[in-house]
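Enquirer: Following is a predicted model, sequence given first.
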Amino acid sequence: MRRHVSGLAISEAPPANVPLRFLIASVLWGIVAGGWIAWHGDTALASRWTPATIALVHLLVLGVIGNAMLGALTQFLPVAARSRLSWAPAVPVLHGGFNVGLAVFAFAMTTMATSLLPLAAALLGVPLVGFAGMACLALWRGAGARWLRGGIGMSMCALAVTAMLGVVALLTLAGRLPYDLAALVDVHASVGTVGAVLVLIAAIGAVTLPMLQGTRSPAPWWLPAWACAVALGLIAGAWQRARGGGDVLIGTITITTGAFAGASLWLQARTRLRRNPTLARFWTLGMSALLVAAACLTLPLPPDIDRAMLVGTLVLAIGFPAVVVGMMLEIVGFLAWIHLRGVVPRGRQVPGVGRLMPEGDKRVVCAAHVVSAVAVLLAMTLHEGHAAAGFAYASAWFATAMALVRCGLRVRRERKTPGSAPA
């Protein structure tokens with residue numbers, strides 16, 4: 001097998017359109033989420049239980065973060081974890097069903113059309129469980145580092161559990177099942193955000209922080225030990241929450257999230273030879289938001305601040321998306337470079353990733369997301385300015401889209417240069 005670039009198996013990379021369809025969908029859902037805040041901000045940022053809030057949460061978690069996670073994995077699994085996905089032709093079908101399901105869910109929640117909730121549950125649950133199963137099978141058969149495959153595998157197991165809990169919650173909301181909806185939603189949200197998303201970010205970050213930002217590599221035992229603490233804490237917390245308690249679940253989220261965010265910031269602060277400064281800024285913004293969110297779970301807050309809404313805004317609207325966008329820009333530049341390597345004839349130099357996705361474009365996107373983060377946080381805490389916050393959020397994602405478009409135009413210009421091979 002040909003291997004290039006810090007041990008990555010470049011020859012195992014899938015066609016660029018496989019991850020790109022997810023990444024483009026992520027950006028589009030980000031724009032939709034901004035419009036949603038502008039339209040429904042007075043209710044969507046007021047309480048976690050309003051239909052507008054529930055819809056917004058899933059636009060962010062599934063539309064923005066979920067699409068980005070799945071798209072990144074279609075590239076990361078074969079290239080970095082040396083775990084090729086089986087049944088790759090099913091991926092476009094899963095992508096289509098997943099995003100149609102999210103649209104149905106948002107419509108059903110907005111109009112309270114409970115008759116559509118079982119359809120939304122099926123369209124969302126089947127693709128997520130299916131992708132998680134495909135990923136776990138690939139990781140089981142893979143040849144990459146065991147600690148890395150184990151971390152991603154735990155994230156995929158948590159994703160499947162989250163999807164199944166979400167299906168049960170939707171059927172409970174529709175009146176088909178008799179469970180305690182509040183406890184079910186708490187466990188569903190905790191397993192999804194910490195067990196699925198945060199563990200995946202930690203696993204990918206253990207590779208990309210040293211590779212792309214020049215930090216020290218964490219000890220090989222760190223990720224398995226931390227992930228085991230997450231798993232045990234979530235299991236114990238779910239058991240207690242089902243019986244009316246909640247301290248273990250909150251403690252698990254606070255400690256594990258704070259530990260990961262703090263460790264990431266510590267590694268960044270001790271970096272001697274910094275690389276990719278804009279990616280580092282995105283990561284710093286995301287980890288700082290997660291660290292503050294972990295603190296807000298236990299610290300006293302002003303009486304007019306809804307704790308759940310503050311933590312949710314910091315994590316779902318600011319923290320995770322900042323990491324997602326930073327990594328997305330790197331991935332798209334990398335995909336463009338791989339694509340050109342396949343179409344440019346031997347002897348002709350291929351532009352580097354830094355020319356295809358230059359720092360200047362990334363700085364503009366980063367600045368837009370910083371502004372949108374401040375605007376959304378102020379709108380949530382001050383209970384005003386929702387339209388401006390939504391516009392800022394949508395504009396940040398539009399800036400992200402424009403950066404991707406400009407990267408595509410650079411690839412197109414290179415392909416039109418005489419001597420390029422046909423696609």
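Expert: Sure, I can see it.

Enquirer: Now do the phi/psi pair for the residue most central in space within the chain.
Expert: For the chain, the residue sitting closest to the mean C-alpha position, by Cα atoms, centre = their mean, is Ile65 at 3.1 Å. Per-residue torsions, Ile65: phi -70, psi -40 (degrees, to the nearest 10).

Enquirer: For it, which non-adjacent residue is spatially closest?
Expert: Phe320 (5.1 Å; Cβ to Cβ, 6 or more residues apart in numbering). Every residue, glycine included, has its C-beta placed from N, CA and C.

Enquirer: Could you do Pro220 as well?
Expert: In space, Pro220 is closest to Trp147, 5.3 Å off (Cβ to Cβ, 6+ apart).

Enquirer: can you check Gly153 too?
Expert: Distance criterion Cβ to Cβ, 6+ apart; nearest residue to Gly153, sequence neighbours excluded, is Leu139 at 4.7 Å.

Enquirer: Please report the number of neighbouring residues for the one you found.
Expert: Leu139 sits with 23 neighbouring residues when counted by other Cβ atoms under 10 Å.

Enquirer: cool, Ala202 as well?
Expert: 25.

Enquirer: pLDDT weak spots in the protein?
Expert: The model of the chain has pLDDT under 70 over residues 1-7, 418-423.

Enquirer: My guess is the residue nearest to Ile65 contacts Gly66. True?
Expert: No - at 10.3 Å, Phe320 does not count as touching Gly66 under the criterion of Cβ atoms under 8 Å.

Enquirer: When those two are compared, which one has more neighbours?
Expert: Neighbours per residue, other Cβ under 10 Å: of Phe320 and Gly66, the larger number sits with Gly66, 30 against 24.

Enquirer: For that one, give me its contacts.
Expert: Counting by Cβ atoms under 8 Å, 6 or more residues apart in numbering, Gly66 makes contact with 26, 98, 128.

Enquirer: How about Leu301?
Expert: 307, 310.

Enquirer: Could you list every helix and strand in contact with the strand or helix carrying Ala182?
Expert: In this structure, Ala182 sits in helix 181-190 according to DSSP states H and E. Contacts defined by 3 or more Cβ pairs under 8 Å, 6 or more residues apart in numbering; DSSP states H and E place helix 181-190 against helix 146-173, helix 222-242, helix 247-269.

Enquirer: Let me know the closest of the contacts of Gly66 to Gly251.
Expert: Closest to Gly251 out of the contacts of Gly66 is Leu128 (27.3 Å), distances taken as Cβ to Cβ.

Enquirer: which SS state does the closest one fall under?
Expert: When classified by DSSP: H, G, I helix; E, B strand; the rest coil, Leu128 comes out as helix.

Enquirer: related to what we said a few turns ago, let me know the distance separating the residue nearest to Ile65 from Ala16.
Expert: In this view, Phe320 and Ala16 are 24 Å apart by Cβ to Cβ, to the nearest Å.

Enquirer: related to what we said a few turns ago, point out the most buried one among the helices and strands packed on helix 181-190.
Expert: helix 146-173 (a mean of 22; mean count of other Cβ atoms under 10 Å).

Enquirer: got the buried residues for the helix holding Ala182?
Expert: 183-190 (16 or more other Cβ atoms under 10 Å).

Enquirer: export the residues you listed to TSV and tack on distance to Met134?
Expert: Listed next are the buried residues of helix 181-190 as TSV, based on distance: Cβ to Cβ, whole Å:
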residue	distance to Met134
Ala183	30
Leu184	26
Val185	27
Asp186	29
Val187	25
His188	22
Ala189	24
Ser190	25
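
Enquirer: wait, which of the residues you listed is closest to Ala163?
Expert: The closest of these, once distances to Ala163 are taken by Cβ to Cβ, is His188, at 9.2 Å.

Enquirer: What sits closest to the closest one if chain neighbours are left out?
Expert: Counting by Cβ to Cβ, 6+ apart, His188 lies nearest to Leu165, which is 4.0 Å off, once chain neighbours are set aside.

Enquirer: now do Arg274
Expert: In space, Arg274 is closest to Gly214, 5.7 Å off (Cβ to Cβ, 6+ apart).

Enquirer: Neighbours of the one you found, how many?
Expert: Counted with other Cβ under 10 Å, Gly214 comes out at 16.

Enquirer: repeat for Arg270
Expert: Quick note: Arg270 (other Cβ under 10 Å) scores 9 neighbours.

Enquirer: Out of the buried residues of helix 181-190, flag the one nearest to His369.
Expert: Nearest to His369 among the buried residues of helix 181-190, with distances taken as Cβ to Cβ, is Ala189, at 23.3 Å.

Enquirer: Quick check: the gap between that closest one and Pro78.
Expert: 31 Å.

Enquirer: how much space is there between Gly195 and Pro218?
Expert: On the measure of Cβ to Cβ, Gly195 and Pro218 end up 19 Å apart.

Enquirer: more neighbours, those two?
Expert: Gly195 (26 against 18).

Enquirer: does the more buried one really touch Val230, like I thought?
Expert: Yes - with contact defined as Cβ under 8 Å, Gly195 counts as touching Val230 (6.2 Å).

Enquirer: what sits in contact with each of those two?
Expert: Met154.

Enquirer: can you redo the contacts of Gly66 as a markdown table with distance to Asp304?
Expert: Formatted as a markdown table, the contacts of Gly66 follow (distance: Cβ to Cβ, whole Å):
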| residue | distance to Asp304 |
| --- | --- |
| Ser26 | 33 |
| Phe98 | 37 |
| Leu128 | 36 |
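
Enquirer: which one of those residues is nearest Asp361?
Expert: Nearest member of the contacts of Gly66 to Asp361, counting by Cβ to Cβ, is Ser26, at 17.4 Å.

Enquirer: between the helices and strands packed on helix 181-190, which one is nearest to Arg348?
Expert: Using Cβ to Cβ, the nearest of the helices and strands packed on helix 181-190 to Arg348 is helix 146-173, at 34.6 Å.

Enquirer: Now do that closest one and helix 222-242, the angle between them.
Expert: 20 degrees (axes from the mean of the first three to the mean of the last three Cα atoms, to 10 degrees).
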